[in-house]
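> Provided below are the primary sequence and the corresponding predicted coordinates.
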Amino acid sequence: MSADDQVFLDVLSSLPNDIRRYSGDVADYIDKHVDSIAETIRVTLAKASWVPENMRPRPPPPAPQLTLPTSAYEKLESWVSRHKILTGVIVLVTGTVIYRTCRSSALCRKTRRAKRARSGGRIEVVVIAGSPSLPLTRSLSLDLERKGFVVFVVSNGPEDEHMIQSLARPDIRALAIDTTDPPSTGNSIERFAQYLQSSHAAIPQGKRHHLSLKAVILIPSLNYQTSPIATIPPSSFADLFNTHLLHPILTIQAFLPLLTARLTPAGDKSKDDHPKVLVFTPSIISSINPPFHAPEATVCSALSAFTEVLTAELRPLSIPVTHIQLGTFDFSGFTPAAGSTRHHHGGVFGLLPAAEGSDSLSWPDSARHAYGRNFVTQCGSAIGAGRIRGMRGSSLRDLHNAVFDVIDGSITSGTVRVGLGAGIYGFVGRFVPRGLVAWMMGIRKVDELATWQSSSANTPRSAGSENGDVLNTQESFVAVPPMEDIGAEAHVWKEG
């Protein structure tokens with residue numbers, strides 16, 4: 001067989017394979033297009049309205065959608081788009097917490113020291129107008145002295161001076177001011193101003209420097225009577241307003257000429273010429289004004305209003321006034337062990353001596369019947385006694401740091417809340433209904449009252465009495481006896 005014949009045979013043998021491949025491709029192509037055409041015809045007939053219902057072919061089932069796995073970022077983006085309001089709240093709360101945490105960390109790391117002269121002497125003076133017997137006054141005086149200030153504590157007599165000297169600190173000194181004697185008060189302020197304007201030396205024959213008044217801190221009395229209004233004699237209200245309200249106001253009034261005058265030498269170009277005023281008030285009771293706390297609520301509210309007016313008057317003079325609203329603090333290191341187990345029903349400091357007049361057994365029968373149950377319940381409640389049960393109070397370091405930051409200008413807010421419960425009770429007082437607050441304290445409605453017992457029944461007098469202190473059945477009025485016959489301590493619940 002020749003070579004040409006062999007080639008021809010090879011071509012013939014490959015034809016079936018090519019024909020099979022080509023025919024398969026043609027069949028696949030036809031099947032694909034036929035199926036597509038059939039599917040199109042089926043969908044068209046299924047949607048055609050002219051085809052009877054029983055003759056319409058069923059539409060093909062929808063093709064399954066493949067769900068591709070999404071990333072974590074895509075899932076988060078989808079959730080945020082569905083919950084925009086909740087996302088905004090989360091971002092706001094998180095940002096606030098981070099900001100406060102960073103600020104607190106920065107303040108905790110801050111070095112708090114008063115400025116000194118080049119010779120090393122103390123040049124910054126702070127005046128504390130508060131009773132030296134108060135633990136708050138003693139703790140704040142010691143802390144400011146330790147930080148480099150010269151501290152003057154206002155004293156009203158030999159007892160106060162002895163308490164100040166007992167602190168045994170050379171830079172904690174007494175400043176005698178008698179607010180009941182205006183000429184004496186003016187002389188004391190004049191001598192203090194001359195002392196500030198005089199030059200001083202840290203060591204004998206050392207370089208001399210001048211002092212600058214940095215702050216006046218007002219700490220009013222913190223011990224208040226806890227009792228129903230009906231059981232408080234008028235004389236107690238008068239004494240309360242004189243000692244707790246009028247005395248702090250007169251103290252600030254005595255320092256106003258010193259605050260508004262330039263005490264630095266003429267050549268001193270210091271920008272911070274004017275001192276700052278800090279007014280402390282308890283904030284827990286005055287925020288919610290609970291029953292049986294009329295003395296503290298009245299005095300603290302009046303002091304708060306006085307501070308607002310003082311702020312408005314001194315703002316044009318560039319003298320900042322800061323109202324520091326106090327919560328509960330732990331004074332275990334500044335009170336005797338015996339007193340640390342008692343609680344101050346009137347308010348702020350749980351480790352101060354108990355408030356006067358808080359024993360309901362000494363009340364008249366009518367007062368006990370009307371107020372006794374609610375008074376006892378409210379004093380034992382978690383929020384009614386001005387403390388948070390089971391918690392000792394904030395550390396004094398928080399208060400000391402806040403005071404220093406106000407003095408050096410780090411805190412410029414007009415109102416500063418510091419201490420356990422100060423912020424919580426402020427929120428409750430602003431937004432929680434009064435009725436709900438009273439219910440949480442255990443105050444309940446009194447259904448039965450005692451029968452009126454007239455004092456004239458025990459001491460009967462004739463209808464023609466010269467004092468006219470009995471009800472004349474023939475007249476249309478009740479004659480009221482003179483006050484000298486009643487006595488200064490009498491009140492509506494005074495027993496006959």
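Cool, got the structure.
> Please enumerate the helices of the stretch 1-150 of the chain.
For the stretch 1-150 of the chain, the helices defined by DSSP state H, counting those that start in this stretch occupy 3-47, 72-82, 84-109, 135-146.
> Buried residues of the last one, list them for me.
Buried residues in helix 135-146, counted by 16 or more other Cβ atoms under 10 Å: 135-145. Every C-beta, even on glycine, is put in place using the N, C-alpha and C of the backbone.
> and the helix or strand harbouring Leu399 with helix 135-146, angle?
Per DSSP states H and E, Leu399 falls inside helix 396-407. Interaxial angle, helix 396-407 versus helix 135-146 (axes from the mean of the first three to the mean of the last three Cα atoms, to 10 degrees): 60 degrees.
> what packs against helix 396-407?
Counting by 3 or more Cβ pairs under 8 Å, 6 or more residues apart in numbering; DSSP states H and E, the packing neighbours recorded for helix 396-407 are helix 135-146, strand 212-219, strand 276-282, strand 321-326, strand 415-418.
> Identify all contacting residues around that helix.
107, 110, 112, 126, 136, 139-140, 143-144, 147, 214-215, 217, 276, 278, 322, 324, 326, 329-331, 333, 411, 416, 418-419 (Cβ atoms under 8 Å, 6 or more residues apart in numbering).
> Which of those residues are buried, as a PyMOL select command?
Only the buried entries of those go into this PyMOL selection, using 16+ other Cβ under 10 Å:
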select buried, resi 107+112+126+136+139+140+143+144+147+214+215+217+276+278+322+324+326+329+330+331+411+416+418+419
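> by how many degrees do the helix holding Leu399 and helix 84-109 diverge?
Using the same axes, to 10 degrees: helix 396-407 against helix 84-109 is 90 degrees.
> Buried ones in helix 396-407, by neighbour count?
396, 398-407.
> what's the average pLDDT for that helix?
Averaged over helix 396-407, pLDDT sits at 91.
> So which of the helices and strands packed on helix 396-407 is nearest Arg58?
strand 415-418 (74.3 Å; Cβ to Cβ).
> hmm, who's touching that closest one?
283, 322-327, 394, 398-399, 402, 406, 423, 426.
> For these, give me a markdown table that also has distance to Leu92.
Putting the contacts of strand 415-418 into a markdown table (distance: Cβ to Cβ, whole Å) gives the following:
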| residue | distance to Leu92 |
| --- | --- |
| Ser283 | 26 |
| Thr322 | 28 |
| His323 | 27 |
| Ile324 | 28 |
| Gln325 | 25 |
| Leu326 | 29 |
| Gly327 | 26 |
| Ser394 | 26 |
| Asp398 | 26 |
| Leu399 | 29 |
| Ala402 | 25 |
| Val406 | 28 |
| Gly423 | 18 |
| Gly426 | 21 |
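> Give me the neighbour count for Val376.
Using other Cβ atoms under 10 Å, Val376 has 13 neighbouring residues.
> That one and Phe292: what is the separation?
10 Å (Cβ to Cβ, to the nearest Å).
> export the helices and strands packed on helix 396-407 to a markdown table and tack on mean pLDDT and distance to Asn54?
Shown next, in a markdown table, are the helices and strands packed on helix 396-407 (pLDDT from 0 to 100; distance: least, Cβ to Cβ, whole Å):
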| stretch | mean pLDDT | distance to Asn54 |
| --- | --- | --- |
| helix 135-146 | 92 | 96 |
| strand 212-219 | 93 | 98 |
| strand 276-282 | 93 | 90 |
| strand 321-326 | 93 | 85 |
| strand 415-418 | 92 | 82 |
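> Redo the ones you listed as CSV? Include distance to Leu259.
Conversion of the helices and strands packed on helix 396-407 to CSV gives the following (distance: least, Cβ to Cβ, whole Å):
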stretch, distance to Leu259
helix 135-146, 18
strand 212-219, 7
strand 276-282, 7
strand 321-326, 10
strand 415-418, 19
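> So for stretch 100-117, mean pLDDT?
78.
> what lines up beside the helix or strand where Val153 lies in the sheet?
With secondary structure defined by DSSP H and E, Val153 is part of strand 150-155. Strand 150-155 has its sheet partners listed here by DSSP bridges as strand 124-130 (parallel), strand 172-176 (parallel).
> Of the contacts of strand 415-418, which is the nearest to Glu39?
When the contacts of strand 415-418 are compared against Glu39 (criterion: Cβ to Cβ), the nearest one is Gly423, at 72.0 Å.
> Need the pLDDT of Thr94.
pLDDT, read off for Thr94, is 90.
> count of neighbours near it?
10.
> Please save the CA atoms from stretch 164-178 in CSV.
Taking C-alpha atoms only, stretch 164-178 is exported to CSV below (Å, rounded to 0.1, in the frame of the first residue of the first chain):
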residue,chain,number,x,y,z
ILE,A,164,-7.0,76.7,115.4
GLN,A,165,-3.9,76.7,117.5
SER,A,166,-4.5,73.0,118.3
LEU,A,167,-3.9,72.2,114.6
ALA,A,168,-0.2,72.9,115.3
ARG,A,169,0.5,74.3,111.8
PRO,A,170,2.5,77.6,111.6
ASP,A,171,0.8,78.6,108.4
ILE,A,172,-2.8,78.0,109.7
ARG,A,173,-3.6,81.2,111.6
ALA,A,174,-6.7,82.7,113.2
LEU,A,175,-8.4,85.8,111.8
ALA,A,176,-10.5,87.4,114.5
ILE,A,177,-13.7,88.9,113.1
ASP,A,178,-16.8,89.7,115.1
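> For that stretch, buried residues please.
164, 167, 172-178.
> For Phe149, grab the count of nearby residues.
24.
> In contact with it, which residues?
114, 122, 124-126, 171, 214.
> if we go to 10 Å?
113-115, 122-126, 141, 143, 171-172, 214-215, 404, 407 (Cβ atoms under 10 Å, 6 or more residues apart in numbering).
> Return the per-residue confidence for it.
93.
> doesn't Ile411 fall inside a strand?
No: assessed by DSSP: H, G, I helix; E, B strand; the rest coil, Ile411 does not belong to a strand; its assignment is coil.
> Tell me the spacing between the residue nearest to it when sequence neighbours are not counted and Ala106.
In space, and not counting its chain neighbours, Ile411 is closest to Asp405: 4.4 Å by Cβ to Cβ, 6 or more residues apart in numbering. Remark: distance between Asp405 and Ala106 (Cβ to Cβ) = 11 Å.
> Equivalent analysis for Lys115, please.
Distance from Lys115 to Ala106, by Cβ to Cβ: 20 Å.
> show me the contacts for the most centrally placed residue in the chain.
Centroid check for the chain by Cα atoms, centre = their mean gives Gly423 as the closest residue, at 2.5 Å. Contacts for Gly423 (Cβ under 10 Å, 6+ apart) come out as 283, 287, 325, 327, 417.
> What of Ser287?
297, 300-301, 325, 327, 386, 417, 421-430, 437.
> For Tyr195, state which of the contacts of Gly423 is nearest.
Among those, Gln325 lies closest to Tyr195 (Cβ to Cβ), at 32.3 Å.
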